[in-house]
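J.: I'd like to go over a predicted model; first the sequence, then the structure.
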Amino acid sequence: MSDELTWLSAGELSARIRRGELSAREALEAHWARIDEVNPVVNAVIFEDREAAGAAAARADERQAAGEPLGPLHGVPMTNKDTNDTAGMPNTWGSPLLAHVVPEEDSLIVARLRAAGAIMTGKSNVPEFAAGAHTFNDLYGTTTNPYDPSRSAGGSSGGAAAAIASGIQPIGDGSDMGGSLRVPASFCNVLGLRPSRGRVPSPGPNSWAWLGRTGPMAREVSDLALMMNALSGPDPRVPTSIEERGVDFFRGLGDGVAGLRIGWAPDAGLGMPFEAESVAVAERAVAALAEAGALVETVSPNIAEADLVFTETRAFDYEMSLGELVRANPGRVKPEVVENVALGTRQTAAQLRALALARTRLEGEVRRYFDDYDLWITPTAQALPFDAALRYPTEVAGVPMADYLGWMRSVCVVSAMDVPAISVPAGFSPEGLPVGVQIVAAHGGDALLLRVAKTLEDAIGAARVHPGLGKG
């Protein structure tokens, strides 16, 4: 039974529990069994609360037996990303400085998943303070790739991606400032959606922050639609919230791509280096879309100012959120975080003025591109999953990287565009490592991204190839 449950979608798992064919407690036991089986290899789950989860599953079964209304994720067990507050569980951000922090309330994304019926079981690993797209920290160690445990699972949602790919859970909650949903999705052969600004609000100390997002991860597009139905909707604490309520992300999911105009950029339109295997797999995915009726051209928006917008906005956000902590704890925070905070601390009024103007010009270029094209596609990651013992790749395709962000520039510039994007499993390199394609749409185009992802899922089916971990 547990082996069968390992690979069910969240939608199917919850449907069986709601129909009484399976209990929430049985689903939870299968979840624990899979953690016990594979987590010693991948180190995706770093905290478990078996007692509280067991009590929640028992209450879920009581509600089902009583005929009470049940949510679309009723009984589905899942861990939460260690940057997303989960009431009663540690929220460390991978830092010993925060090892004592146990929030009393859920973050919005966790609260909405819980309201939909999900059973919260523990926390998944992240890089320290979510900096860098490789999941390692001094508190819990390194999360590795289910398809090759000597390789990186990506980050910062690397624990969530590895847990989903390993069959521990069908869905996960992630976040994405510079590719933290998309890179681990590409590395681990799952889906990761960076939603439109305000689609899944993220209340915080700066209610106007726009670069970082929270969003869903899954093995199947239908589960992304299910999660987006549960997660979307405005929040009064976030003035940039999209005011639409009750959007059904299943609507139009199977409409295909015939007639859509797609720009394809094997170098992300900026001459970026990509490993040849990544480009080759992505090209086959683009060809599948063309065969399904999309009109594909090699063309890109003018995003020459995206690097500046990303770097300066990220520095401002890091200084605002982590500046005081970094200054109060010299030598106790990873260098990449210290560097970003230092950049923010040094920002002048002239720099912030230049940033505002550059962002405005970039927004105009992006808008003009999407006046003519429906989508833009690139390979997601410039590099294949790399040696997990490294901090980050120092070169890509023989080109030296200037810093820890250089190898993930392909996703960072899309973040700066302030639009939704998704990484979709596209296939595997000759040595069996997953490769994803990044699909980008105009602001508000989240449903369109899911529709295109469903076309690729049906045409390629890469996510149905599971890793050879354990018995499942």
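T.: Received, thanks.
J.: which residue packs closest to Gly178, ignoring adjacent ones?
T.: If the residues on either side of it in the chain are set aside, Gly178 comes closest to Cys412, at 4.5 Å by Cβ to Cβ, 6 or more residues apart in numbering. C-betas here are computed from N, CA, C, even on glycine.
J.: That neighbour and Phe310 touch, don't they?
T.: Yes: under the criterion of Cβ atoms under 8 Å, Cys412 makes contact with Phe310 at 4.8 Å.
J.: and these two? which has more neighbours close in?
T.: Taking neighbours as other Cβ atoms under 10 Å, Cys412 and Phe310 compare with Phe310 leading, 25 against 21.
J.: measure that one to Gly179 for me?
T.: According to Cβ to Cβ, to the nearest Å, Phe310 stands 10 Å off from Gly179.
J.: Same check on Arg151?
T.: 17 Å.
J.: These two: who's more crowded?
T.: Counted by other Cβ under 10 Å, Arg151 and Gly179 do not tie: Gly179 has more neighbours, with 31 against 22.
J.: Tell me both backbone torsions, phi and psi, for the residue lying closest to that one once chain neighbours are set aside.
T.: Distance criterion Cβ to Cβ, 6+ apart; nearest residue to Gly179, sequence neighbours excluded, is Val411 at 2.9 Å. When read as degrees, to the nearest 10, the backbone of Val411 gives phi -90, psi -30.
J.: Name the spans of the stretch 301-450 of the chain whose pLDDT lies under the cut-off.
T.: Residues of the stretch 301-450 of the chain meeting the criterion pLDDT under 70: none.
J.: in it, which spans are helices?
T.: 306-328, 335-346, 349-372, 409-416, 446-460 (DSSP state H, counting those that start in this stretch).
J.: Quick one, which of the ones you listed gets closest to Pro103.
T.: Nearest of those to Pro103, taken as Cβ to Cβ: helix 306-328 at 15.7 Å.
J.: elements contacting the closest one?
T.: helix 335-346, helix 349-372, helix 409-416 (3 or more Cβ pairs under 8 Å, 6 or more residues apart in numbering; DSSP states H and E).
J.: Comparing the helices of the stretch 301-450 of the chain, which comes out most buried?
T.: Counting by mean count of other Cβ atoms under 10 Å, helix 409-416 has the highest mean neighbour count of the helices of the stretch 301-450 of the chain, with a mean of 25.
J.: quick one, it and helix 349-372 angle?
T.: 90 degrees (axes from the mean of the first three to the mean of the last three Cα atoms, to 10 degrees).
J.: Now for Phe274: which residues touch it?
T.: 266-268, 379, 382-383, 396-397, 410 (Cβ atoms under 8 Å, 6 or more residues apart in numbering).
J.: okay, and the common contacts of Cys412 and Phe310?
T.: Gly178.
J.: quick one: the residue nearest to Gly179 and Ala30, what's the gap?
T.: 33 Å.
J.: Ok, Arg361 next?
T.: Using Cβ to Cβ, Arg361 is found at 52 Å from Ala30.
J.: cool, Ile109 as well?
T.: Taken as Cβ to Cβ, the span from Ile109 to Ala30 is 24 Å.
J.: who's more crowded, these two?
T.: In this view Ile109 and Ala30 are compared by other Cβ under 10 Å, and Ile109 has more residues nearby, 26 against 23.
J.: Let me know whether that one touches Gly204 as I believe.
T.: No: with contact defined as Cβ under 8 Å, Ile109 does not reach Gly204; the gap is 11.9 Å.
J.: Please identify the residue most distant from the middle of the protein.
T.: Ala66 (36.1 Å; Cα atoms, centre = their mean).
J.: wait, what's in contact with that one?
T.: Contacts of Ala66 (Cβ under 8 Å, 6+ apart): none.
J.: Could you number the chain from 189 rather than 1 from now on?
T.: Noted, 189 is the first residue going forward, which turns the last one into Ala254.
J.: ok, it to Ser374 distance?
T.: Distance from Ala254 to Ser374, by Cβ to Cβ: 43 Å.
J.: Repeat that for Leu513.
T.: From Leu513 across to Ser374, the span is 31 Å (Cβ to Cβ).
J.: Could you do Tyr580 as well?
T.: Taking Cβ to Cβ, one finds Tyr580 at 15 Å from Ser374.
J.: Without its sequence neighbours, what residue ends up closest to Gly658?
T.: Glu225 (4.1 Å).
J.: Tell me the secondary structure at the one you found.
T.: Following DSSP: H, G, I helix; E, B strand; the rest coil, Glu225 is assigned to helix.
J.: For the residue nearest the centre of the chain, which non-adjacent residue is closest in space?
T.: Geometric centre of the chain, nearest residue: Leu369, 2.0 Å, by Cα atoms, centre = their mean. Ranked by Cβ to Cβ, 6+ apart and with sequence neighbours excluded, the top spatial neighbour of Leu369 is Gly380, at 3.7 Å.
J.: contacting residues for that neighbour?
T.: By Cβ under 8 Å, 6+ apart, the contact list for Gly380 reads 345, 349, 362, 364, 369-370, 372-374, 403-405, 610-611.
J.: what would the residues you listed look like in CSV with distance to Thr267 and secondary structure?
T.: Below are these laid out as CSV (distance: Cβ to Cβ, whole Å; DSSP: H, G, I helix; E, B strand; the rest coil):
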residue, distance to Thr267, secondary structure
Ser345, 12, coil
Ala349, 12, helix
Gly362, 12, strand
Asp364, 18, strand
Leu369, 16, coil
Arg370, 20, helix
Pro372, 14, helix
Ala373, 16, helix
Ser374, 21, helix
Gly403, 16, strand
Pro404, 14, strand
Met405, 12, strand
Ile610, 22, strand
Ser611, 20, strand
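J.: Looking at those residues, state which has the most neighbours.
T.: Going by other Cβ under 10 Å, Ser345 tops these with 40 neighbours.
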